[in-house]
Every structure is written in C-alpha cells, then in structure tokens.
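# quick one, what's the 3D model for this:
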Amino acid sequence: MGALFGPAGNAQSFHDRGYKTNLDIPGYVKSFGLTAYEYQCGRGVKISQESAAKLGAAAGAEGISLSLHAPYYISLSSVEEEKRDNSINYILQSARAAHAMGAKRIVVHSGSCGKLSREEALELAKGTLKKCVTALEEEGLADKVILCPETMGKVNQLGDLNEVMELCQVDERFLPCIDFGHLNARTFGGIKGKEEYRQILDTMENRLGADRAKRFHSHFSKIQYTDKGGEKMHLTFEDTVYGPEFEPLAELIAKRGWSPVFICESAGTQAEDAAAMMQMYQGYLDK
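Numbering: from 1, shown residues only. Now for the predicted structure:
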C-alpha cells in the first residue's frame, strides 16, 4: 500500500460547493481523488457515537481512511496533576469517538514545557501517556486505536523530533505524527530540502524501527514563523516565502516505498493542496 493523502477538516471549497454535513465529507474528499481525512476535535469531542458511526460508514463506502485530532488543550506535561488527568480523559473521549467512526489514528499534542526543563516536561508527558495506555486497556480500546504524539511548531512547546521519538517509546503501538511544517517553523526554516528530510526519516527508522517508521502519520503545510517563538500561522501552497516544500519529501517517500498518511493542514485550501501533494508523490512512483 502506498501513501494516503487527505485534508485536516473541511477546506473553504467544501462550503463553497454547498456541502453542510459530516455525511457530505467522504464524497467531497473522494472528488479530489484523495484517500484520507482527519476529523477535527481540537475544541472538544462533540460528535455523538451515532453520528461518528454514520460518518465511518460513509467514509468506508468511499474508501476514505479516517483519523482524528484530539483536543488542542491536552497537556501531557502540565505540572498540575488535575490537568494531566483531564488530558487522559480527553484522549479517552477521542478514542471512543475514533473507534465509533472506524478511525485508527489519534493525533495528540503534548503541551508546553512552561517553567520546567525540557527533560522534566518530557518525563511528566511519558508518565501521563503510560497512564493513558492503562486507561485505554481498561476500556478495551488500546488495540483499537493508535496514539500519534505530534511534533510541535513553537519553541517552548514539548515536541521536537527527538522528544516525539521518546514519547513513542512509551508503547510500541504508538506512531509519530511528524508535522513537517512545525519542525520547519521551530527550527526557523531548518528544512531546506532533501537532505533535511532524509535525516528526519532516518531518525524515525533508527529510533522506532523500519515497520513503525514507514507507517508514520504526518501533517504538512507551509507555516509562517517568527525569529524567536517559531510557529505563527498556517499558510497555503501559494506562499513562496516560508516552507517547507513537499516535493523533495514526496520523492524520498516514493523511493523508499513507505506508506505514511499525509494530512494537509493548509489554511483553507487543505483539500486542494493535499491533491497537489498526492500528484507530486504519484509522479515519483511512475518514474
């Protein structure tokens, strides 16, 4: 199986075409030739079990693979135990909704370092994830969904590449969500081209093994960043100032024969830009 491509949530064109409900999503995504879709629960898990099941059935009929983004306010590394416990509950809510819709992957933010050292924050986050795995096991969901800790775009956030590799060591079922726009933003434009991408892919393979690395989850978009803080705002593929560019990564993924899920997070053109990503990738498959 090759790489899958799709949007994070609904692009502006979804609304412009007159679509309104979740059941319109799979046909809309398929109209672009795309094969994946990430359901957004960033502001809370508000979809009912019944609605989730209906979305899952509609996606399955169109051959669309679903994933789910857990709430943005999850903080695995908070110094407050209550917030860490609440974060476990938010992940459980996400897992229930994901399972109901047949989504296998759940993207999870780790939180900020705050006044802690990065090492202290990382240990807190790992401890929270261990408790989360136990909670998922108690509900019979640990083998139904895959948690995907995400690389983050702001310098003060926990979630550089190596930190995400550490978080994925908590459980061998975890997969990393590599957000290349985030990594580029937090390194102030550090992804210049093929060599930087190769280093990221090699790090995943060396730290997690070939099987997990080749199936990684990914977010991709161009992101504006500041000189000190990192990520400022998501852009579209029309931007020519900020990166990163997808084509060198498309070539590497095609040549390695890897099969990640690429979710595009462009600002309002995520479906169109995901289709452009897929075309780049397929171009290298055909060579």
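# any buried residues in stretch 95-104, and which?
Residues of stretch 95-104 classed as buried: Ala95, Arg96, Ala97, Ala98, His99, Ala100, Met101, Gly102, Ala103, Lys104 (neighbour count, 16 or more other C-beta atoms under 10 Å). From N, CA and C alone the C-beta is placed, and that goes for glycine too.
# then the helix or strand hosting Ile200 to CSV, C-alphas only?
Take DSSP states H and E as the rule and Ile200 turns out to sit in helix 194-208. Provided in CSV are the C-alpha atoms of helix 194-208 (Å, rounded to 0.1, in the frame of the first residue of the first chain):
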residue,chain,number,x,y,z
LYS,A,194,16.0,16.5,0.5
GLU,A,195,18.9,16.2,3.0
GLU,A,196,17.0,17.5,6.0
TYR,A,197,14.0,15.3,5.1
ARG,A,198,16.3,12.3,4.8
GLN,A,199,17.7,13.0,8.3
ILE,A,200,14.2,13.1,9.7
LEU,A,201,13.2,9.8,8.1
ASP,A,202,16.4,8.2,9.1
THR,A,203,15.9,9.3,12.7
MET,A,204,12.5,7.7,12.8
GLU,A,205,13.8,4.5,11.3
ASN,A,206,16.7,4.3,13.7
ARG,A,207,14.7,5.1,16.8
LEU,A,208,11.4,3.2,16.1
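# tell me the buried residues in that helix?
Glu196, Tyr197, Ile200, Leu201, Thr203, Met204, Glu205, Arg207, Leu208.
# Asp179: which of these is nearest?
Nearest to Asp179 among the buried residues of helix 194-208: Ile200, at 11.0 Å, using C-beta to C-beta.
# now the helices for the chain?
12-16, 25-31, 49-62, 81-101, 118-138, 161-168, 180-186, 194-208, 210-214, 247-256, 270-285 (DSSP state H).
# show residues contacting the second one.
When contacts are defined by C-beta atoms under 8 Å, 6 or more residues apart in numbering, helix 25-31 is touched by residues 6-7, 10, 14, 17, 19, 35-37, 55, 58-59, 61-64, 271.
# what subset of the residues you listed is buried?
6-7, 10, 14, 35-37, 55, 58-59, 62, 64, 271.
# reformat these as a markdown table; add pLDDT and distance to His182.
Shown next, in a markdown table, are the buried ones among the contacts of helix 25-31 (pLDDT from 0 to 100; distance: C-beta to C-beta, whole Å):
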| residue | pLDDT | distance to His182 |
| --- | --- | --- |
| Gly6 | 98 | 18 |
| Pro7 | 98 | 17 |
| Asn10 | 98 | 21 |
| Phe14 | 98 | 24 |
| Thr35 | 98 | 23 |
| Ala36 | 98 | 19 |
| Tyr37 | 98 | 20 |
| Leu55 | 98 | 27 |
| Ala58 | 98 | 30 |
| Ala59 | 98 | 26 |
| Glu62 | 98 | 29 |
| Ile64 | 98 | 25 |
| Ala271 | 98 | 20 |
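# adding distance to Leu183, write those out as JSON lines.
As requested, the buried ones among the contacts of helix 25-31 are exported to JSON lines (distance: C-beta to C-beta, whole Å):
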{"residue": "Gly6", "distance to Leu183": "20"}
{"residue": "Pro7", "distance to Leu183": "20"}
{"residue": "Asn10", "distance to Leu183": "25"}
{"residue": "Phe14", "distance to Leu183": "28"}
{"residue": "Thr35", "distance to Leu183": "24"}
{"residue": "Ala36", "distance to Leu183": "20"}
{"residue": "Tyr37", "distance to Leu183": "23"}
{"residue": "Leu55", "distance to Leu183": "30"}
{"residue": "Ala58", "distance to Leu183": "33"}
{"residue": "Ala59", "distance to Leu183": "29"}
{"residue": "Glu62", "distance to Leu183": "31"}
{"residue": "Ile64", "distance to Leu183": "27"}
{"residue": "Ala271", "distance to Leu183": "23"}
